[in-house]
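Trainee: okay, here's the prediction I keep looking at, along with the sequence it came from:
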Amino acid sequence: MTRIFVDKKPYEINPKQNLLEACLGQGLDLPYFCWHPALGSVGACRQCAVKIYRDEKDTRGRIMMACMTVPTPDMIVSIDDPEVRDFRAGIIEGLMMSHPHDCPVCDEGGQCHLQDMTVMTGHNYRHYEFEKRTFRNQYLGPLLNHEMNRCIQCYRCTRFYNEYAGGEDFGPQKLRNLVYFGRAEDGILENEFSGNLDEVCPTGVFTDKTAKQHYTRKWDLTFAPSVCPHCAVGCNISPAERYGTLRRVVNRYNSEINGYFLCDRGRFGYEHVNGKDRIRAPRAGQNAKPVEITRAEALDRFSSLAAEGKMIGIGSPRASLEANFALRSLVGAENFYAGIADAEYALLGEMLAIQRQGPAPATLRQLEHADAAFVLGEDVTNVAPRMALTLRQTVRQVFLEKIEKMGVPRWQDSAVRELAQNDHGPLFIASTYATRLDDVATGTYRAAPDDLARLGFAVAHILDASSPDVPGLPAEVRAQAERIALVLQAAARPAVVSGVSTGNAAVIRAAADVARALAKAAKPVSFLLTMEEANTLGLAILAPKPLGQAFEAAKAGNAQTVVILENDLYRRAPAATVDALLAAGHVVVLDSLETRTTEKAELVLPATPFSESDGTLVSSEGRAQRFFSVYPPVGDVQDAWRWLRDVLGLLTRPEGLSWKNLDDVVEAVARAVPALERIRDAAPGSKFRIAGAKIPRAPHRFSGRTSMLANIQVSEPKPPEDPDSPLSFTMEGAPVEPPAALQPFFWTGGWNSIQALNKFQEEIAGPLRGGDPGVLLIEPATGSAPGYLNTVPAAFAPRPGEWLVVPRHHIFGSEELSARAPAIAELSPKPYVALGAEDAAALGAAEGSPVEVKLDGATARLPLRIEAGLPRGVAALPAGLGPLDGITLPIWGRIEVTR
Amino acid sequence: MWSVLRSLWLVLLHMFQPRFTVQYPDEKPYLAPRYRGRIILSRDPDGEERCVACYLCAVACPVDCISLQATEDPHGRRYPEWFRINFSRCIFCGLCEEACPTYAIQLTPDIEMGEYNRQNLVYEKENLLINGPGKYPDYNFWRVAGVKIKDKDKGEAEREANPTDLHTLLP
């Protein structure tokens, strides 16, 4: 720590940060534009000027840019000096010269960094009397709106999009005061993280186009601390509601996971909640004419079915731990089945066992600070998108370290990029098909899943000869393995990433062996395994029986009633198998959206989507995180665990009476499952109060309270109460900073934009005050090092006339919920089957021509797509998309040209 | 005793003074144009809705009696999809008018809003929107703001240069 004096007051600051970060971290207000905590300093906008004095006798001082200044011990700084204040006001007047006088119709208004900084500097009158420069806007796709007139040329967008996120279809054009930020021509932004431009842009050039459809100002939105339901990474989000519908999703900082950025699936996938597919009332009767019934009637029918005969329950990887546990309590652990395809479930069991033995899963922050990475058999961008953005920063670590050794601080962004040029740190990607990270990879290897595993085992063997050797490995693959092993060996903090997307256990075992070999060499290895859905790991920890056994139980007549929790079984197993299960007995489905499964149900109970319910999710890194409802459900919709609790009550079971609110269920889960004991600490319980008051979900500026419902009834209704959390649904409550796990939104005096975050961190870009939310459930194993998994598979051998069909994940479309959001659906690919160029030529089929795909007894006609990188004998189908989405991949199948 | 008689005398004298009481409603009082009475939404000189649904009136309202929802026409002109004022809560403070950046919301010298049923005091957009510019006949927000709408392209607002041609590097 170093002491500096700002306006004659002493402050203890971290000397590794620049002066701007140091000042902001101390809670001082200093305007800035081009600096961003994740992007570093370039000193372009000249806004963060301060005065620096040589010593106490120096009365004149000199104006310096805080973001480019290294704080030195006993430095004397002034933010408040009149001359420097005038300087900053002058800079902003220059920036505002051509600003288009459209705040009232700008989506950024009310959460605009430019507005905040203008007010902060005191500039309020435009002296420039001449013409404003104007620009034409571009169409940038269904996610972002473009309004170039508002630009102040801070260059943050291109620094994020091109340099941080690796986008190539966007950039600055023209010169002088006419610099234009856009694409070469109108078109959809290609990068999967483009949505962050909405938060990175300090003004309204890039704004959320989905929010524009139902625009609401930040001050009118009701927020809640939540967790993204669209993949297993567990990014923290703040979804926002107005007038009973979800309006947008903004990032909720968590330094261990998502930091400042979200992926586009997480940011724009929320609209499934508002869609026509929502189930709003309980209904009974199938196929013929389902009739809407009341909650009491529904519970009555449910309880009589429960009393009638044997009941089985099928859980869900997208439902909370509490909902899954409630179902397990209703049907009994012996009748509780995983709502995941058997192959994937077996894989999960293996992943969980590997992680429990060690190395324990790393966080994204640890991955970011790794200095070499090896991705084995995973398409990170499409399965765990946020992790891909982190990997792009991993490849910069070597340069950050190098520049620090040269005496230049790591926040000197342009210096770091100058040093790195177009070079990247070591990142090896071994995958079945080309990935979006290949452009920063030092080496790539394309092969069938089994061959990927062999490469992994070979790397492990080179790292540690006591791990199994791979017989018959081709020389060039061995050379590749040696190269990878050499780099991982040389690295101080290597990282290994693998996951579910190949569906191949050997790949995961190979990755584990590499990580274990590195751990044995006493390296702090970051080992990450991706999973598919928000609570996949949580469901696996509850240890349900495999889904296949549910089908068998139904066949054997042991399932008079099937209770399905938030799950579309047609995505988990072939249609014929699911049909047989659903025809075998009575079917009760609890879900928030209409699916093929709810169509077949005898009783459908409307459950709440993530935005209307509370619960706990376990992310792929084993972090249990609580998410809270943004607004209460309407009508007979209620949390899945409440439906199940009510039935338990009618069956006079103790849980039915004792589970009064979420706390009780959390407590029951923690008691029943030792591995989940710590979920109690994921967030404070519902009794938590600050000075006797709840925490408001709405900002103190919330408007329209006495008018929004006046068309229905002029007397205002009592505000809804929230029994499950210490948050209130209104603006009323303690006006102080809550614990990080309960922080609904970031906003502080004078800082209306998301940049207010600076005031909530322990230090800039550090953890939130009081620690980042969530508890890690998988602790690093102690004791003896785990052994190697001696299961080297045989080399992949293509079969004549058959293809190994592997899943190809898509960030837009492969995930069930986000695919229902219109903006995401627009970006989702149409169903296809992909073959390598050679295989397609051998088959005699051209790009786009229809081919017949025969898998596991099912047949579908799909257009052919030629993917250059696919190995021979391997075909790819989009995961979770199209007519064959129920078939568990990989699987051998036939592909024929239709005549 | 003296004071009682004096009071009686003074009251008697008042009988011959001119009357202050106005015989409302037969006789209407004069209310200045800037009197703070019934709130209206005005139109700009082109006859289009002035309100751009910026939500500033709603947030300025101390009793939170204004609510609205923004929407856009196909050409990018923003307007309120619906706009509601609950006059049973309104205190006629005029802060909404002060907050309005487009002179759309205005208070008028009309005070005759009494209702027997409180529900009738909830005014929707069709009850609020008038067919003229109200107190500010000339202002037109869309002619000043640098956004494109129907019949007004980029560069056609006040003090705007023509849109930048990205394909030339000439100064």
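Mentor: Nice, I can see it.
Trainee: quick one: residues contacting the closest residue to chain B within the stretch 51-200 of chain A.
Mentor: Nearest residue of the stretch 51-200 of chain A to chain B (C-beta to the nearest C-beta) works out as residue A:100 at 2.6 Å. Yep, even glycine has a C-beta here, placed from its N, CA and C like the rest. Taking C-beta atoms under 8 Å, 6 or more residues apart in numbering or on different chains, we find residue A:100 in contact with A:132, A:134, A:149-150, B:145-147, B:157.
Trainee: narrow these to those in strands?
Mentor: Using DSSP state E, the subset of the contacts of residue A:100 located in strands is A:132, A:134.
Trainee: wasn't residue A:501 part of a helix?
Mentor: Yes. Counting by DSSP: H, G, I helix; E, B strand; the rest coil, residue A:501 is found in a helix.
Trainee: just give me the neighbour total for it.
Mentor: Here the number of neighbours of residue A:501 (other C-beta atoms under 10 Å in any protein chain shown) works out to 27.
Trainee: and it, what is it in contact with?
Mentor: Residues near residue A:501 by C-beta under 8 Å, 6+ apart: A:377-379, A:382-383, A:530, A:807, A:809, A:879.
Trainee: where does pLDDT dip in the chain?
Mentor: As the question left the chain open, I've gone with chain A. Along chain A, the parts satisfying pLDDT under 70 run over A:286-288, A:899.
Trainee: sorry, I should have been clearer: chain B.
Mentor: Checking chain B against pLDDT under 70 turns up B:171.
Trainee: for it, which segments are assigned as strands?
Mentor: Secondary structure of chain B (DSSP E): strands at B:39-41, B:66-72, B:78-86, B:105-107, B:122-123, B:160-163.
Trainee: mind putting those in CSV, mean neighbour count included?
Mentor: As requested, the strands of chain B are exported to CSV (neighbours: other C-beta atoms under 10 Å in any protein chain shown):
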stretch, mean neighbour count
strand B:39-41, 22
strand B:66-72, 22
strand B:78-86, 22
strand B:105-107, 23
strand B:122-123, 22
strand B:160-163, 16
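Trainee: quick one: closest of these to chain A.
Mentor: Judging those by C-beta to the nearest C-beta, what sits closest to chain A is strand B:66-72, at 3.3 Å.
Trainee: show me how far the closest one is from its chain's centre.
Mentor: Computed by C-alpha atoms, centre = their mean, to the nearest Å, the separation of strand B:66-72 from the middle of its chain amounts to 16 Å.
Trainee: returning to that earlier point: just say helix, strand or coil for the residue of the stretch 51-200 of chain A closest to chain B.
Mentor: At residue A:100 the chain is in coil, as set by three-state DSSP.
Trainee: distance of the residue in chain B that chain A sits nearest to from residue B:138?
Mentor: Using C-beta to the nearest C-beta, the single residue of chain B nearest to chain A is residue B:146, 2.6 Å away. Distance, residue B:146 to residue B:138, using C-beta to C-beta, to the nearest Å: 19 Å.
Trainee: who has more neighbours, these two?
Mentor: The neighbour count for residue B:146 versus residue B:138, taken as other C-beta under 10 Å, is higher for residue B:146 (24 against 9).
Trainee: tell me the contacts of residue A:878?
Mentor: Applying C-beta under 8 Å, 6+ apart to residue A:878 gives the contacts A:807-810, A:813-814, A:829, A:831-832.
Trainee: repeat the analysis, applying 10 Å as the threshold.
Mentor: Counting by C-beta atoms under 10 Å, 6 or more residues apart in numbering or on different chains, residue A:878 touches A:382, A:807-810, A:813-814, A:828-834, A:862, A:865, A:884-885.
Trainee: which residues does it bridge with?
Mentor: Beta bridges link residue A:878 to residue A:808 when assigned by DSSP bridges.
Trainee: pretty sure residue A:811 contacts residue A:827?
Mentor: Yes. Using C-beta atoms under 10 Å, residue A:811 makes contact with residue A:827 at a distance of 8.5 Å.
Trainee: quick one, helices of chain B?
Mentor: Taking DSSP state H, the helices of chain B run over residues B:2-14, B:56-60, B:95-99, B:125-128, B:141-144.
Trainee: so which elements touch the third one?
Mentor: Same thing as helix B:95-99. Where contact means 3 or more C-beta pairs under 10 Å, 6 or more residues apart in numbering or on different chains; DSSP states H and E, helix B:95-99 is packed against helix B:56-60, strand B:105-107.
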